[in-house]
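Engineer: only geometry, no sequence info:
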């Protein structure tokens, strides 16, 4: 009987040790998760893998483009991140628009961003039209779409709304790509933005 009681005591002791070790492991892992660093807005935009997660609609493409523009004109980033943001822009441009971009695209983009930041201009917010307001049409046998996006630019304490109409075309893979945008002066094929 004495042997049975000591065996039972040993089992209870081992169970207690295992429970304490498990609780310690749980607390250790929980603390590490709480200490994770949040990604910056720039990193969040750059983390999107367009080969696997391309925006499905014209509205989503313009929204992603606008998020990139907010990062470029509002956030702090490294030179490498600037180049990566520029590459993301080119990934959502139509092939004809990409061909229109000069070789010094990144330099012109950098200059444009520097000019805006020097003048204290930032992209405060943007709002795309409702999905039901997207105008679909066919041009030269290609599916196209037009969608409005209103940008609110901030200069000091003043705000200015700028409305643009984005023209998108579907590529061979069925992805909507930005072909250009239209403002009060007509279709704009930008050199750097």
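Structural biologist: Looks like it arrived, so ask away. If you're wondering where the values come from, they're calculated on a predicted model, not measured in any experiment.
Engineer: helix or strand for the most centrally placed residue in the chain, which one?
Structural biologist: Against the mean C-alpha coordinate of the chain, by CA atoms, centre = their mean, the closest residue is residue 45 at 2.8 Å. In the assignment (DSSP states H and E), residue 45 maps to helix 41-47.
Engineer: where in this protein is pLDDT low?
Structural biologist: The model of the chain has pLDDT under 70 over residues 1-6, 9-10, 12-25, 28, 30-37, 184-193.
Engineer: for the helix holding residue 45, packing partners?
Structural biologist: Under the contact definition 3 or more CB pairs under 8 Å, 6 or more residues apart in numbering; DSSP states H and E, helix 41-47 sits against helix 58-74, helix 79-92. Every residue, glycine included, has its C-beta placed from N, CA and C.
Engineer: repeat that with 6 Å
Structural biologist: Helices and strands touching helix 41-47, by 3 or more CB pairs under 6 Å, 6 or more residues apart in numbering; DSSP states H and E, are helix 58-74.
Engineer: List the buried residues for the helix it packs on?
Structural biologist: Across helix 58-74, burial judged by 16 or more other CB atoms under 10 Å covers 58-59, 61-74.
Engineer: ok, of these, which one's closest to residue 164?
Structural biologist: Using CB to CB, residue 62 comes nearest to residue 164 of the buried residues of helix 58-74, at 9.1 Å.
Engineer: ok, the residue nearest to the centre of the chain touching residue 72?
Structural biologist: No. Applying CB atoms under 6 Å, one finds residue 45 not in contact with residue 72, separated by 9.5 Å.
Engineer: Can you pull the residues that touch both of these two?
Structural biologist: Where contact means CB atoms under 6 Å, 6 or more residues apart in numbering, no residue is in contact with each of residue 45 and residue 72.
Engineer: separation between residue 122 and residue 107?
Structural biologist: As judged by CB to CB, to the nearest Å, residue 122 and residue 107 stand 21 Å apart.
Engineer: in the chain, which spans are strands?
Structural biologist: Under the criterion DSSP state E, strands of the chain are mapped to 121-128, 135-139, 142-155, 158-170, 176-183, 186-188.
Engineer: which of the buried residues of helix 58-74 lies closest to residue 100?
Structural biologist: Closest approach to residue 100 among the buried residues of helix 58-74 (CB to CB): residue 65, at 16.1 Å.
Engineer: contacting residues for that closest one?
Structural biologist: Contacts of residue 65 by CB under 6 Å, 6+ apart are residue 92.
Engineer: Having no further points to raise, I will conclude here.
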